[in-house]
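# can you look at this prediction? I've put the sequence above it.
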Amino acid sequence: FQMKSENKKTIWNTEEVPEGSEFDDTWDPREKPEYEISFKQHVGTEDVFFGMTGKDPSTACCEDIVIKIKLPETKYSDITLDIQDKVLDLRTPKKKLLLHLPYPVNSKEGRARFLSEEEILEVTLRLSRKLDFINFS
């Protein structure tokens, strides 16, 4: 067994540590909010009526992931949101959510909106999978 690290005293390589583990804090007393994950795809009449592009309802044909997080008694200014390629980290004074995403996302492109009447944060992120250039060409 040979270590690939330059420093011989390291216990593990950075590749062995899962992404987002630096955000995980088991001692944080804040509760986890309710959330819902759904997928969204852009379809036109050629997809719905004629099936010309070969899209199906599976997640492989979806371009976006939508995460709806219920945040009762929260103001927009209290929300801290950090998005990495595979991790969503949300923190408020009363709630904390560390969510490992099912697919990698483009962390630079995305949008979040807070629906204050419903007390829901809606985060829409563009999926960034290896074979999407073939699926969506």
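Structure's in. What do you need? Numbers count the residues shown, from 1 in each chain.
# switch to C-alpha atoms for all contacts and neighbour counts from now on
Fine.
# mind naming the longest strand for this structure?
strand 105-115 (DSSP state E).
# SS state for Lys68?
Under DSSP: H, G, I helix; E, B strand; the rest coil, Lys68 falls in the strand class.
# residues touching it, list them.
Applying C-alpha atoms under 8 Å, 6 or more residues apart in numbering to Lys68 gives the contacts Tyr35, Glu36, Ile37, Ile120, Leu121, Glu122, Val123.
# one more pass at 10 Å, please.
Shown in contact with Lys68 (C-alpha atoms under 10 Å, 6 or more residues apart in numbering): 34-38, 112-114, 120-124.
# before we move on, the earlier item: partner strands of the longest strand of the chain, with direction?
Sheet pairing for strand 105-115, assigned by DSSP bridges, gives strand 120-127 (antiparallel).
# so how far is the partner strand off the chain centroid?
Here strand 120-127 is found 8 Å from its chain centre; the criterion is C-alpha atoms, centre = their mean, to the nearest Å.
# which residues sit against it?
Counting by C-alpha under 10 Å, 6+ apart, 34-40, 62-72, 74, 76, 79, 81, 83, 85, 88, 102-115 sit against strand 120-127.
# now list the buried members of those residues.
39-40, 62-71, 74, 79, 83, 85, 88, 104-107, 110, 114 (16 or more other C-alpha atoms under 10 Å).
# distance of the nearest residue to Arg129 once chain neighbours are set aside from Thr53?
Once flanking residues are discounted, Arg129 sits nearest to Pro104: 6.2 Å by C-alpha to C-alpha, 6 or more residues apart in numbering. Using C-alpha to C-alpha, to the nearest Å, Pro104 is found at 24 Å from Thr53.
# the residue nearest to the spatial centre of the chain and Val48, how far apart?
With distances taken as C-alpha atoms, centre = their mean, Leu101 lies nearest the centre of the chain, 4.4 Å away. Distance, Leu101 to Val48, by C-alpha to C-alpha: 28 Å.
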